[in-house]
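In: for reference, the sequence and a predicted model appear below.
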Amino acid sequence: MRDFLAKSGVDKSVFGAHTTRSASTSKAAKQVWIQDVLKVARWPSKSTFARFYNRQIIDPNAFHNAVLATEMLPL
């Protein structure tokens, strides 16, 4: 599970197998509307997600590494 999380761009030092719900919903919230995340997770409000599940999922240096990378990712 930890390898799968890492390959998905999730920081393994923050998340483990027991925290897959917060990892998956935090990752989804970066790519889809928060209303869709709330609906799928069956949460009534953003405050539930924000308080208990929203976690930083990417290495804090990821932005710097992306900017300084020599390869470009496809758009």
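Out: Right, received. Where do you want to start?
In: can you tell me the closest non-neighbouring residue to D36?
Out: A28 (7.8 Å; CB to CB, 6 or more residues apart in numbering). Any C-beta I mention is one placed from the backbone N, CA and C, and that applies to glycine too.
In: isn't that neighbour up against V37?
Out: Yes: the criterion here is CB atoms under 8 Å, and A28 meets it with V37 at 5.2 Å.
In: so what's the residue nearest to D36 up against?
Out: D36, V37, V40 (CB atoms under 8 Å, 6 or more residues apart in numbering).
In: swap the cut-off to 10 Å and go again
Out: Going by CB atoms under 10 Å, 6 or more residues apart in numbering, A28 touches I34, D36, V37, V40, A41, I57.
In: next: S45.
Out: S45 is in contact with L38, R51, counting by CB under 10 Å, 6+ apart.
In: number of nearby residues for K27?
Out: Number of residues near K27 (other CB atoms under 10 Å) recorded here: 19.
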